[in-house]
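Enquirer: I would like the atomic coordinates for the input below:
(one chain, ligands or ions: 1)
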Amino acid sequence: MNKNQLEDLDFDRQHIWHPYTSMSNPLPSYHVKSASGVRIELSSGESLIDGMSSWWSVLHGYNHPLLNKALVEQSQQFSHVMFGGLTHQPAIDLCKKLVDITPKMLTKVFLSDSGSVAVEVAIKMAFQYWQSRGVTSKNRLMTVKNGYHGDTFAAMSVCDPVTGMHQIFEQVLMQNLFAPQPRCDFYQPWNESCVNELSLLFERHHQEIAAFIIEPVVQGTGGMNFYHPKYLKACRRLCDQYDVLLICDEIATGLGRTGKLFASNWADITPDIMCLGKTLTGGYLTLAATITTAHIAETISNGEAGCFMHGPTYMGNPLACAVANASIDLLISSNWQTKVNHIEQQLKTHILPLSRNQRVNSTRVLGTIGVVEVTQNVNVANIQKRFVELGVWIRPFGKLIYIMPPLIIKENEIAQLVNAIAVVLDDDACFD
Ligand SMILES: *Cc1c(COP(=O)(O)O)cnc(C)c1O
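Expert: Below you'll find the predicted structure:
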């Protein structure tokens, strides 16, 4: 690192917020010079194998020639125009694809700028739907514990109350209903009693519930929990039975991560509203989509307002849509399912044996997601430093060391990622 870069890192520490770390005593940040393929190059010289896909967003690797090309070509046409009264090919092409690849009933696409906003939009759609039908009692949401749906207020109100620190915002946060975390493991035989409490909550509260929101099959940031598809099927059944809308938040799971194109495909269900984000642009730009049925869109449109009450400034941003089109084309035209299955097999081979380590509570793998749950909280600063020394980029939180590499990762690179995890497991300084 040269002197300027060191000064800049100091400026960064003094003046720039980073996610979920203190502003007065922040965790260290590493200065990135470039990224290409599966590697992130630091300005300090290290070359790291990326195990995080930059928080579920990178799909085909960094600096991909086809995605770069899509971005450059679109920028030479126009980078942005307002979406009110104007439309354009990148948005039309993207929405055609989304209507095409999502379940048949989902035909109405609302584009927005980030996952949290896509969740806000989904929640607002649900409330406006019931309002338009003249149903005034459905003013709350229901979800399960240990979920994560984003950081804006409505999204935060359906995140896990404990890890989402709801007590800080108690006075201003919507008070929603929480069912127990789905405990029925993806790989264990299904047990119907797993939905007993959920069923009771539906029975008792359905008249006040506008929508039930859940991350299908994989609860991500709230604990990396892989639950049984039959649980999701039961959610669909209960929503139908009690006239509650089902929102599937596929922001982390959508577009192949779990081994199906959408995690709700595992249960063969169609939600009333689906949220997509994160890897929609292959990790290039922030873009999200909320997709719903003709019935919901028409009901809202025939209501008092005559339209849906939302319209972000950067709605349908052409650069983001163009790169999303390129990324989805690349995914669909590749043998992605085979790739995901290979990665899953390799992750299983390397990660599952770590469960013999004393410090490990459990290990699990689904699709391209591999999780090592440890018995003590990690020391983020120390474990991160060790990972960088070992040539990998893995950022654990709490008791969870997890990886979900880009689809282009090779077996020897997966072995290096998992090997680094094995090394830190034996290092006391990496745990609190
Ligand atoms: C990341 C995430 C969000 C929030 O998306 P942002 O783009 O960070 O606002 C919402 N839901 C799930 C399931 C996520 O993983």
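Enquirer: chain neighbours aside, what residue packs nearest to the residue of the stretch 301-432 of the chain found nearest the ligand?
Expert: When you check the stretch 301-432 of the chain against the ligand by CB to the nearest ligand atom, the closest residue turns out to be Met404, at 11.1 Å. C-beta: built from backbone N, CA, C; applies to glycine. What sits nearest to Met404 in space, not counting adjacent residues and going by CB to CB, 6 or more residues apart in numbering, is Ile369, at 4.6 Å.
Enquirer: neighbours around the one you found, how many?
Expert: The local packing of Ile369 (other CB atoms under 10 Å) involves 25 other residues.
Enquirer: you'd agree it is up against Val217?
Expert: No: under the criterion of CB atoms under 8 Å, Ile369 lies out of contact with Val217, with a separation of 10.5 Å.
Enquirer: which residues are in contact with both of those two?
Expert: Taking CB atoms under 8 Å, 6 or more residues apart in numbering as the contact criterion, the residues that touch both Ile369 and Val217 are Phe226, Thr258.
Enquirer: what's the span of stretch 179-186 from first residue to last?
Expert: Between the opening and closing residues of stretch 179-186 there is a gap of 18 Å (CA to CA, to the nearest Å).
Enquirer: buried residues in it?
Expert: Applying a neighbour-count criterion of 16 or more other CB atoms under 10 Å, one finds Ala179, Pro182, Cys184, Asp185, Phe186 buried in stretch 179-186.
Enquirer: could you pull up phi and psi at the residue in the chain positioned nearest to the ligand?
Expert: When distances are taken as CB to the nearest ligand atom, the chain reaches nearest to the ligand at Gly115, 2.1 Å away. In terms of degrees, to the nearest 10, the main-chain angles of Gly115 are phi -60, psi -50.
Enquirer: what's the local residue count around the residue lying closest to Val424 once chain neighbours are set aside?
Expert: The shortest distance from Val424 to any residue that is not its chain neighbour, by CB to CB, 6+ apart, is 4.7 Å, and that residue is Cys430. Residues near Cys430, counting by other CB under 10 Å, number 24.
Enquirer: so who does Cys430 touch?
Expert: With contact taken as CB under 8 Å, 6+ apart, Cys430 is in contact with Val378, Asn379, Asn382, Ile383, Arg386, Val424.
Enquirer: distance of the residue nearest to Asn379 when sequence neighbours are not counted from Gly303?
Expert: Counting by CB to CB, 6+ apart, Asp432 is the residue found nearest to Asn379 once chain neighbours are left out, at 5.1 Å. Going from Asp432 to Gly303 by CB to CB, to the nearest Å gives 52 Å.
Enquirer: the two: which is more packed in?
Expert: Gly303 (17 against 10).
Enquirer: per-residue confidence for the more buried one?
Expert: For Gly303, the pLDDT comes out at 94.
Enquirer: might one say that it is in contact with Gln128?
Expert: Yes: contact criterion CB under 8 Å: Gly303 and Gln128 qualify, at 6.6 Å.
Enquirer: now stretch 424-432: buried residues?
Expert: So for stretch 424-432, counting by 16+ other CB under 10 Å, buried means Val424, Leu425, Cys430, Phe431.
Enquirer: re the thing from before, distance check, the residue nearest to Asn379 against Val360.
Expert: Distance check for Asp432 against Val360: by CB to CB, it reads 16 Å.
Enquirer: mind listing the helices for this structure?
Expert: Listed in chain order, the helices of the chain (DSSP state H) span residues 3-15, 53-56, 65-77, 89-101, 115-132, 153-156, 196-205, 229-242, 294-301, 318-333, 336-351, 380-389, 411-425.
Enquirer: out of those, flag the one nearest Gly259.
Expert: Gly259 lies closest, by CB to CB, to one member of those: helix 336-351, at 5.2 Å.
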